[in-house]
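Visitor: need a 3D model of the sequence below.
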Amino acid sequence: MAAVALPQSRRSGIDPFYVMEVMRAAEEREVAGGEVLHLEVGQPSTPAPAGVIRAARNALENDVLGYTTAAGLEPLRRRIAEHYRSWYGAEVDPERVIVTFGASGAFVLAFLAAFDAGDRVVVPTPGYPCYRNALQALNAEVVTLPTSAETRFQPSPSLLEDLCRRTGSVDGLVLASPSNPSGTMLDRPALAAVADWCAAHGVRLVSDEIYHGITFGDPAPTALSLNDDALVVNSFSKYFSMTGWRLGWLIAPPDLVEPVRRLAQNFFISAPTLSQIAAVAAFDCHDELQANVARYAVNRSVLLDGLPAAGIDRLAPSDGAFYVYAAVDHLAADSQDLCRRWLDELGVAVTPGIDFDPAEGHRYARFSYAAATDDMAEAMRRLQQWGG
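Guide: Coordinates of the predicted model:
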């Protein structure tokens, strides 16, 4: 009997996360014996803090490691709330904290709780592609807000007003500061202006703050202090150097706490218990973590000097995170082809901008400086000697 083709859902056609494709190509080169300098991956090359590792070892030996509640361990939720008090002067009820399966899980919960199918949600470009892809898979309408070097690759009330005049009213805005891929950040007045615009227009603000702690000037302000209805996402992956531990958190406004908890119960049961127990200790490890940030600052200087010396001099301001977003259209018409050549010819892995901006990303590339300083310097040397 002939096999019958079974249907697939429309959401099965979700776009790929191209940086994972670059990572796969880099891995294939390494498996074949080739060297790779990793400027593509947005994760720390440092291990979790020593205190976190000690806590994890103790938990492995002494804890059953069963499920936690969907909202997460109470001691961890209290420490997260204390973190907002000590870093931002913001009072957060621990009941509003939901510990999640990475920031990715937090975004899924936030989008499900805040937006219905058909709701129009603004996503600035360039921006993290998984916002766009997840919203589309959930049948929300993604409203693209193009930004540029002239606007520091960030939204503003005037850009949002113009977008609504052209396309109609919107229901939500996803904002990242510091941003991936550009590294640009909104200062407190600029963030307050966007948060106030959202409040005045009944627009739900989802604030991605996963790169907080990694800034190279003033600290990043939190939307929690500026908009009572905002959903704020953060993670242990970046500043806390715990990417593979898959742990994040969501601060929900009071009206969405119970909906988010119910969604978390049904979708995830709970975040990884071992990671939760260990993460309580992360907030006592700031000296070690600040040393990581100091290394990122050195790496940042290596790229901000080295890329212009390689003829790549149109760079976004790298206020925070660990990225430089650069125009490369003078070197190639398609940054995917260019990044493929750099990997094949130089062993330098870089992420093409198409991941972050489907319309203009072919003109840009993202360089991550999260890896070792020596690797950054060697990558710049190779790019400077590359003949094109």
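Visitor: contacts for the helix or strand V122 falls within, please.
Guide: Assigned by DSSP states H and E, V122 belongs to strand 120-125. Identification of contacts with strand 120-125 by CB atoms under 8 Å, 6 or more residues apart in numbering yields 111, 115, 131-132, 135, 140-147, 153-155, 160, 163, 167-176, 203, 356-361. No exception for glycine: its C-beta is placed from N, CA and C like everyone else's.
Visitor: what residues of the helix or strand that contains S158 count as buried?
Guide: Using DSSP H and E, S158 falls within helix 157-167. For helix 157-167, burial by neighbour count (16 or more other CB atoms under 10 Å) applies to P157, L159, L160, L163, C164.
Visitor: just checking, the second one touches V143?
Guide: No. Using CB atoms under 8 Å, L159 and V143 do not qualify as a contacting pair, with a distance of 11.9 Å.
Visitor: now a PyMOL select for only the buried ones of the contacts of strand 120-125.
Guide: The following PyMOL line selects those of these that are buried, judged by 16+ other CB under 10 Å:
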select buried, resi 111+115+131+132+135+140+142+143+144+145+147+153+154+155+160+163+170+171+172+173+174+175+176+203+356+357+360+361
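Visitor: so which of the contacts of strand 120-125 sit within helices?
Guide: In helices, defined here by DSSP state H, the members of these are F111, Y131, R132, L135, L160, L163, T167.
Visitor: I'd guessed the fourth one sits against A117; true?
Guide: Yep, that's L135 we're talking about. No. Using CB under 8 Å, L135 makes no contact with A117, being 10.4 Å away.
Visitor: just checking, what packs against the helix holding S158?
Guide: In terms of contacts (3 or more CB pairs under 8 Å, 6 or more residues apart in numbering; DSSP states H and E), helix 157-167 is packed against strand 120-125, strand 141-146, helix 188-200.
Visitor: can you check which of these gets nearest to V97?
Guide: Among the helices and strands packed on helix 157-167, the nearest to V97 by CB to CB is helix 188-200 (20.0 Å).
Visitor: next structured bit after the helix or strand in which R261 is found?
Guide: Per DSSP H and E, R261 falls inside helix 257-267. Going down the chain from helix 257-267, the next helix or strand is helix 273-279, by DSSP H and E.
Visitor: now that following helix: mean pLDDT?
Guide: Helix 273-279 shows a mean pLDDT of 98.
Visitor: who does it touch, helix- and strand-wise?
Guide: Short answer (3+ CB pairs under 8 Å, 6+ apart): helix 273-279 packs on helix 50-62, helix 74-88.
Visitor: which residues touch that helix?
Guide: Identification of contacts with helix 273-279 by CB under 8 Å, 6+ apart yields 48, 52-53, 55-56, 59-60, 63, 65-68, 72-73, 76, 99, 236, 240, 242, 245-247.
Visitor: of the residues you listed, grab the buried ones for PyMOL.
Guide: Here is the PyMOL command that selects only those of the contacts of helix 273-279 that count as buried (16+ other CB under 10 Å):
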select buried, resi 48+52+55+56+59+68+72+73+76+99+236+240+242+245+246+247
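Visitor: turn the ones in helices among the contacts of strand 120-125 into TSV, columns for pLDDT and distance to A81.
Guide: Output for the ones in helices among the contacts of strand 120-125, formatted as TSV (pLDDT from 0 to 100; distance: CB to CB, whole Å):
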residue	pLDDT	distance to A81
F111	98	23
Y131	93	26
R132	94	31
L135	96	28
L160	98	31
L163	98	35
T167	96	38
